[in-house]
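>>> got a predicted model here, sequence first, then my questions.
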Amino acid sequence: MTELWAHTLAWAEVDPSRHPLELDEDAAKTLTGLVAPLLPSSEAAEEHRWRSLVPVTEFLVDRYGRWACGWNWSIGEGDTDGGIVGAWCCTSHSVTTAEETAPLVVAGLLEWRDWLEDLAERFAALAPPSHSTRATTDPWRWERACTRLVTVVADRTQAESGWYGHCEQVLGWFLAYHGVDEDRAREIVKTAIGGRFGSWIAPDATVVDAVSSQFARALGETG
């Protein structure tokens, strides 16, 4: 099921520029109608939890690309832990009748997509003028970028259960956007955070400053 797990998505898989989406009001209504027959009954959803939504996720991924598997990555302890989607809670609460549930699926997909597009804009805006991946040239810019990204992820996830997992992912995406190798990006982010983040609490300014400083320092070691 790894291919349907939003936690494992790489930037290349979610980058809006690589995966264009046009979903106007009419197209959204059409999608709602296509999703409805794939939905489980509320009883099945309660019994099998998120597994009962696999047909829906598979359909969205086949139709739009693997990025779409994040449609139900809800805030807090939902179907998957620590996401940003507010339109969807979890199978046990969000699944009722097909008529009521299908629009929630589409709303979740669009909310997730809006977030990815927002991140792409932020990544571009936070790029150093040189577009260099060497923090030694402009360390304060990379520190500022890390601070702003951590802050916005904490806000969007409401710093609830497991929020830091997506925060690590977003920082890795930012580095990938700027050409850092994926494995190296993971090392940089892991080193920078160093276990300082936890569930149910947003990091204070001192912690964010320490993480951001280490983020720029670790990036500066990238050859």
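That came through fine.
>>> let's see stretch 187-203 as PDB, backbone CA atoms only.
Coordinates of each C-alpha in stretch 187-203 appear next as PDB, following Å, rounded to 0.1, in the frame of the first residue of the first chain:
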ATOM      1  CA  GLU A 187      19.700  13.700   6.000                       C
ATOM      2  CA  ILE A 188      19.700  17.500   6.100                       C
ATOM      3  CA  VAL A 189      16.100  17.700   7.500                       C
ATOM      4  CA  LYS A 190      16.700  14.900  10.000                       C
ATOM      5  CA  THR A 191      19.800  16.600  11.300                       C
ATOM      6  CA  ALA A 192      18.200  20.000  11.500                       C
ATOM      7  CA  ILE A 193      15.100  18.900  13.400                       C
ATOM      8  CA  GLY A 194      17.000  16.500  15.600                       C
ATOM      9  CA  GLY A 195      13.900  15.300  17.500                       C
ATOM     10  CA  ARG A 196      12.900  18.800  18.600                       C
ATOM     11  CA  PHE A 197       9.300  18.600  17.300                       C
ATOM     12  CA  GLY A 198       6.500  16.600  18.900                       C
ATOM     13  CA  SER A 199       2.800  16.000  18.600                       C
ATOM     14  CA  TRP A 200       0.200  18.400  19.900                       C
ATOM     15  CA  ILE A 201       2.500  21.300  20.400                       C
ATOM     16  CA  ALA A 202       3.800  24.000  18.000                       C
ATOM     17  CA  PRO A 203       7.500  24.700  18.400                       C
END
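>>> which parts of that stretch are buried?
Of all the residues in stretch 187-203, those buried under the rule 16 or more other C-beta atoms under 10 Å are Ile188, Val189, Ala192, Ile193, Phe197, Ala202, Pro203. C-beta coordinates here come from the backbone N, C-alpha and C atoms, glycine included.
>>> repeat that for stretch 97-115.
By neighbour count, with 16+ other C-beta under 10 Å as the criterion, the buried positions of stretch 97-115 are 98, 101-113, 115.
>>> ok now stretch 80-95, how far from the chain's centre?
Chain-centre distance of stretch 80-95: 13 Å, with C-alpha atoms, centre = their mean, to the nearest Å.
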